[in-house]
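> got a sequence here, can you model it:
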Amino acid sequence: MISDIETRTRSKVEIKEPPMFKIIYLNDDKTSIEFVRDTLVEFFDYTADTAMRITEDIHNQGAATVAVLPYEIAEQKGVEVTMAAREEGYPLQIKLEADVN
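Sure thing, here's the model as predicted:
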């Protein structure tokens with residue numbers, strides 16, 4: 001007698017959240033406060049008031065985290081802001097740092 005029973009197996013796939021990275025703006029003496037504020041509004045969708053508070057933090061503390069995003073998105077935002085800064089002649093530096101929280 002031949003069995004008509006079919007055995008199916010399912011693999012359990014574990015999906016992990018992508019690693020998150022901090023986007024950190026570093027203060028310098030040449031990049032204008034207005035430019036920094038404008039990039040926070042344009043690239044990170046902050047309101048003008050929130051962007052100004054973050055800009056003041058960057059200025060007063062020497063650096064500040066402006067967003068925490070998955071690596072690929074954080075990297076793209078960093079490149080976009082850096083390119084915009086260079087187009088305007090500003091030396092603004094952006095760094096990415098793994099978010100260990």
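> list the buried residues of stretch 13-24.
Within stretch 13-24, the residues that count as buried by 16 or more other CB atoms under 10 Å are 20, 21, 22, 23, 24. All C-beta spots, glycine's among them, are computed from the backbone N, C-alpha and C.
> from residue 15, how far off is the third one?
The reference is to residue 22. From residue 22 across to residue 15, the span is 23 Å (CB to CB, to the nearest Å).
> ok, of the buried residues of stretch 13-24, which one's closest to residue 77?
Using CB to CB, residue 23 is the member of the buried residues of stretch 13-24 that sits closest to residue 77, with 5.9 Å.
> surely the closest one meets residue 70?
No - using CB atoms under 8 Å, residue 23 is not in contact with residue 70; the gap is 11.2 Å.
> quick check: closest non-adjacent residue to the residue nearest the centre of the chain.
The centroid of the chain falls nearest to residue 74 when counting by CA atoms, centre = their mean (3.1 Å). Nearest residue to residue 74, sequence neighbours excluded (CB to CB, 6 or more residues apart in numbering): residue 21, at 4.2 Å.
> quick check: pLDDT value at that neighbour.
Note on residue 21: pLDDT of 97.
> show me where this protein has strands.
Using DSSP state E, the strands of the chain run over residues 20-26, 63-70, 93-98.
> low-confidence stretches in this structure?
1-3 (pLDDT under 70).
> going along the chain, name the helices of it.
Using DSSP state H, the helices of the chain run over 33-44, 48-61, 71-87.
> format these as a markdown table; extra columns: distance to residue 99.
A markdown table is the format used below for the helices of the chain (distance: least, CB to CB, whole Å):
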| stretch | distance to residue 99 |
| --- | --- |
| helix 33-44 | 16 |
| helix 48-61 | 17 |
| helix 71-87 | 9 |
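> nearest to residue 10, out of these?
helix 71-87 (29.4 Å).
> list the contacts for residue 32?
By CB atoms under 8 Å, 6 or more residues apart in numbering, the residues touching residue 32 are residue 90.
> ok, now residue 31?
Taking CB under 8 Å, 6+ apart, one finds 85, 90, 91, 92 in contact with residue 31.
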